[in-house]
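Trainee: Compute the structure for the input listed below.
(one chain, ligands or ions: 1)
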Amino acid sequence: MEVLKNKKTLQDFIERQKEMGKRIGFAPTMGALHNGHLSLYETARKENDLVISSIFVNPTQFNNAEDLEKYPRDTDHDITILKTSGLVDAVYLPQVEDIYPEKTESQSYDYDGLENEMEGKSRPGHFDGVGTVVEELFRQVKPDNAYFGEKDYQQLAIIKKMVEKKQLPIKVKGVSIYRAENGLALSSRNQRLSETRKEDARIIFETLTKVNEWFKNTSIVNIKKNVNEIFDNQTNMELEYFLIADENTLKETDQREEKNPYRAFIVVNVDGVRLIDNMHLN
Ligand code: PAF
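Mentor: Prediction:
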């Protein structure tokens, strides 16, 4: 596996691969790699000649300095995981100046309102930071296909919108949420939870599964009541939000129409760790 430590080495590498006509699959990350990331590479492996990942903790997408500082970083360990997996041909480790040659600040994006829903309300500016880094990485890596986990469903929708608006020749693909055996969606943040709390957090997936069942014949208003009751009875965790939204517009709804696709979204704080999850509703 090639370890590309700056923009110049990446560009030389990409140029050679493009000359050979290789089809490139790309999965950007912020490191702290886990099986969820490996599932992105596995999908990319099947659909491309070459798989590239990047590790870059992007400062402009954090809402506060403490969160950025606390973000787990262990690049050597991540490189070992990547090499052992055998799924990735090259990893790009840009320096801050490779992404932000002038000021470390975001550009602003118009994602047709997707940015104003859910995470956009609690994390102002977050999606501008994500758009800025992902657009720059796309322009440097020039992938044919790019892979993102459905755990961050709003991020996936926003990146698809950015690619459409900027007319980038890239297919953005969502990969199903990778879950631990107890149903907990894998996330780099889970590292900050004790084993007991990880076990307690199974309630998030269990609740989403019940919501999917209730959705067949219960009103959204009553589903929300049920979910609130479940979390009112939990110690050690706090429901930040639960809502059902149109899967395309991400707009919250209490009314449903037969023809529209819906998805349930949930954020729960467990011992100060913010866990997010979602599920398509059948
Ligand atoms: O999902 C992430 O890890 C990050 O938001 C991303 C897409 C790598 C951009 O920094």
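
Trainee: Isn't residue 119 up against residue 154?
Mentor: Yes - Residue 119 is in contact with residue 154 according to CB atoms under 8 Å; the separation is 5.3 Å. From N, CA and C alone the C-beta is placed, and that goes for glycine too.

Trainee: list the residues that contact both of these two?
Mentor: Overlap of the contact sets of residue 119 and residue 154 (by CB atoms under 8 Å, 6 or more residues apart in numbering) consists of residue 127.

Trainee: burial measure for residue 266, as a count.
Mentor: A count of nearby residues for residue 266, using other CB atoms under 10 Å, gives 21.

Trainee: Pull the contacting residues for residue 235.
Mentor: Applying CB under 8 Å, 6+ apart to residue 235 gives no contacts.

Trainee: where does it fall, helix, sheet strand or coil?
Mentor: With DSSP: H, G, I helix; E, B strand; the rest coil as the basis, residue 235 sits in coil.

Trainee: And for residue 274?
Mentor: Of the three states, residue 274 takes strand according to three-state DSSP.

Trainee: same check, this time on the one 5 residues further on
Mentor: Three states are possible here, and by three-state DSSP the one that applies to residue 279 is strand.

Trainee: Apart from its chain neighbours, what residue comes closest to it?
Mentor: residue 208 (4.2 Å; CB to CB, 6 or more residues apart in numbering).

Trainee: And residue 251, by the same measure?
Mentor: That would be residue 245: by CB to CB, 6+ apart, it lies 5.8 Å from residue 251.

Trainee: Make sure that neighbour is actually in contact with residue 256.
Mentor: No - here residue 245 lies out of contact with residue 256, judged by CB under 8 Å, at a distance of 10.7 Å.

Trainee: Within its local environment, how many residues does the residue lying closest to residue 30 once chain neighbours are set aside see?
Mentor: Counting by CB to CB, 6+ apart, residue 30 lies nearest to residue 57, which is 4.9 Å off, once chain neighbours are set aside. Residue 57: 18 surrounding residues under other CB under 10 Å.

Trainee: can you check residue 228 too?
Mentor: 12.

Trainee: That one: which element?
Mentor: In this assignment (DSSP states H and E), residue 228 forms part of helix 220-232.

Trainee: ditto for residue 269
Mentor: strand 262-270.
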